[in-house]
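Asks: Build me a model from this:
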Amino acid sequence: MAKAPKKSAKTAANASSKTSTSDDFALSALQDAHIKAGAYDASDEEKLALYEQMLLIRRFEEKAGQLYGLGLIGGFCHLYIGQEAVAIGLQSALNNDRDSVITGYRDHGHMLAYGIDPNVIMAELTGRQAGISKGKGGSMHMFSTEHKFYGGHGIVGAQVSLGGGLALAHKYKEDGGLCLAYFGDGAANQGQVYETFNMAALWNLPIVFVVENNQYAMGTAVTRSSAETEFYRRGAAFRIPGMDVDGMDVLQVRGAAEIAFEHVRGGNGPVLIECNTYRYRGHSMSDPAKYRSREEVQEKRDTQDPIEGMKKMLMESGTSEADLKALDKAIRARVAASADFAETSPEPEPSELYTDILVEKY
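Replies: Sure thing, here's the model as predicted:
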């Protein structure tokens with residue numbers, strides 16, 4: 001049999017270059033699409049709804065901080081203040097009837113973004129029977145299969161692997177859903193995250209991985225803890241396209257969500273989104289945050305606050321300041337009512353310790 005002619009060194013190099021260019025394009029295509037599309041083109045009604053949802057998270061978390069200071073919330077408590085645009089921007093684009101959400105222990109905002117009743121969230125924070133996990137989960141371990149919200153997880157990065165399982169379930173059941181799996185810049189260095197990336201890409205799972213990069217993990221700046229600080233690039237080794245998103249702009253986040261979700265729903269496998277955001281409070285209520293200056297935090301508040309940014313946009317489009325103040329007043333009243341509900345709800349009976357331990361029927 002005649003041997004096939006050898007390719008010249010130049011031909012081989014050209015072929016290699018062409019493949020590389022094609023691969024690079026495939027991995028950057030969603031980022032290119034996001035840059036081209038820009039912010040989500042929201043109507044005035046949509047902008048107001050997004051503003052209201054972000055403001056609810058802000059006021060709820062402020063109240064949670066107050067209750068913690070009064071000793072009504074025990075254990076750990078991680079507030080979402082400053083990061084509201086991420087959860088609202090992404091989850092406003094989900095289909096609540098079929099998509100699932102999973103996150104780490106900074107989870108109150110994600111539950112509110114999914115439309116879950118503030119009463120049952122606040123009751124859970126205060127350890128009451130009426131809480132969404134019957135008062136047994138507290139701040140870090142909230143859960144609702146009814147709302148397809150699967151936690152609230154205390155082990156750093158563990159939710160990513162579980163999110164892979166949720167995505168596998170969506171694919172197995174052919175229900176058309178996707179899983180939105182959040183993790184932080186600190187968790188981005190966990191090995192299980194990359195094991196899940198590999199399996200999700202290999203099995204073409206419907207999952208969107210979201211790095212909420214709030215710059216400091218538990219208290220260490222990303223530049224001190226991560227060799228590669230552009231987290232959206234970290235899926236490239238597994239052929240997962242990445243997107244770099246301004247996580248302080250809810251319309252930019254929503255715009256990225258539209259592109260990423262369409263890609264995943266089209267059967268194209270996972271996407272990795274990095275939302276660059278900033279938390280104003282410490283890692284938890286017990287963190288004095290001495291690793292950064294007050295001036296740095298204030299500068300972020302003054303120039304990049306997602307709620308103030310949307311408020312300015314609404315006022316420029318004709319919404320009156322009086323109307324926005326009235327909305328804020330109504331939200332504060334709603335949050336105060338949730339705190340009252342929690343404080344007046346009974347604690348779980350001792351027998352509750354023995355429920356929800358094992359599945360009795362399969």
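Asks: is it true that Lys134 touches Ser351?
Replies: No: if you go by CB atoms under 8 Å, Lys134 and Ser351 don't touch, sitting 11.2 Å apart. Where you see a C-beta, it was placed from the backbone N, CA and C, and this is true even at glycine.
Asks: Using PDB, write out every CA atom in stretch 57-64.
Replies: Taking Å, rounded to 0.1, in the frame of the first residue of the first chain, the C-alpha atoms of stretch 57-64 are listed here in PDB:
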ATOM      1  CA  ILE A  57     -32.400  42.200  49.100                       C
ATOM      2  CA  ARG A  58     -30.500  45.300  50.400                       C
ATOM      3  CA  ARG A  59     -33.100  46.200  53.000                       C
ATOM      4  CA  PHE A  60     -33.600  42.500  54.000                       C
ATOM      5  CA  GLU A  61     -29.900  42.000  54.600                       C
ATOM      6  CA  GLU A  62     -29.600  45.300  56.500                       C
ATOM      7  CA  LYS A  63     -32.400  44.100  58.800                       C
ATOM      8  CA  ALA A  64     -30.700  40.700  59.100                       C
END
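Asks: buried set for it?
Replies: Ile57, Arg58, Arg59, Phe60, Glu61, Lys63, Ala64 (16 or more other CB atoms under 10 Å).
Asks: Closest one of the residues you listed to Ala337?
Replies: For those, the closest approach to Ala337 (CB to CB) belongs to Lys63, at 10.4 Å.
Asks: one step back: between Lys134 and Ser351, who's got more neighbours?
Replies: More crowded of Lys134 and Ser351, by other CB atoms under 10 Å: Lys134, with 19 against 7.
Asks: Now do the helices in this structure.
Replies: Along the chain, counting by DSSP state H, helices occupy 9-37, 44-69, 84-91, 108-113, 118-125, 158-173, 191-202, 222-225, 250-265, 294-304, 306-316, 321-344.
Asks: Pick the most buried one from the ones you listed.
Replies: helix 84-91 (a mean of 29; mean count of other CB atoms under 10 Å).
Asks: list the helices and strands that helix packs on?
Replies: helix 44-69, helix 108-113, strand 207-213, helix 250-265, strand 271-276, helix 306-316 (3 or more CB pairs under 8 Å, 6 or more residues apart in numbering; DSSP states H and E).
Asks: okay, now the nearest residue to Ser225 once chain neighbours are set aside: neighbour count?
Replies: With sequence-adjacent residues excluded and distances taken as CB to CB, 6 or more residues apart in numbering, Ser225 is closest to Ala217, at 6.3 Å. Residues lying near Ala217 (other CB under 10 Å) number 20.
Asks: pretty sure Ala217 contacts Asp185?
Replies: Yes: between Ala217 and Asp185 there is a contact at 5.4 Å, judged by CB under 8 Å.
Asks: Report the set of residues contacting both of these two.
Replies: Ser225 (CB atoms under 8 Å, 6 or more residues apart in numbering).
Asks: What separation do you get for Thr126 and Ser338?
Replies: 10 Å (CB to CB, to the nearest Å).
Asks: ugh, wrong one, Val210
Replies: 26 Å.
Asks: Same question for Leu272.
Replies: Distance, Leu272 to Ser338, using CB to CB: 34 Å.
Asks: Look up how far Thr277 lies from the residue lying closest to Met248 once chain neighbours are set aside.
Replies: Excluding its sequence neighbours, the residue lying closest to Met248 (CB to CB, 6+ apart) is Gln304, at 4.4 Å. Computed as CB to CB, the Gln304 to Thr277 distance reads 9 Å.
Asks: just Gly152 next, same as before
Replies: Distance from Gly152 to Thr277, by CB to CB: 19 Å.
Asks: now swap in Leu178 and tell me
Replies: Distance from Leu178 to Thr277, by CB to CB: 22 Å.
Asks: what do you get for Trp203?
Replies: 30 Å.
Asks: Settle it for me: which of these two has more neighbours?
Replies: Legend: neighbour count by other CB under 10 Å for Trp203 and Thr277, higher for Thr277 (28 against 14).
Asks: returning to what we had before: adding mean pLDDT and distance to His34, write the helices and strands packed on helix 84-91 out as TSV.
Replies: Below are the helices and strands packed on helix 84-91 laid out as TSV (pLDDT from 0 to 100; distance: least, CB to CB, whole Å):
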stretch	mean pLDDT	distance to His34
helix 44-69	98	18
helix 108-113	96	21
strand 207-213	98	13
helix 250-265	98	5
strand 271-276	98	9
helix 306-316	98	18
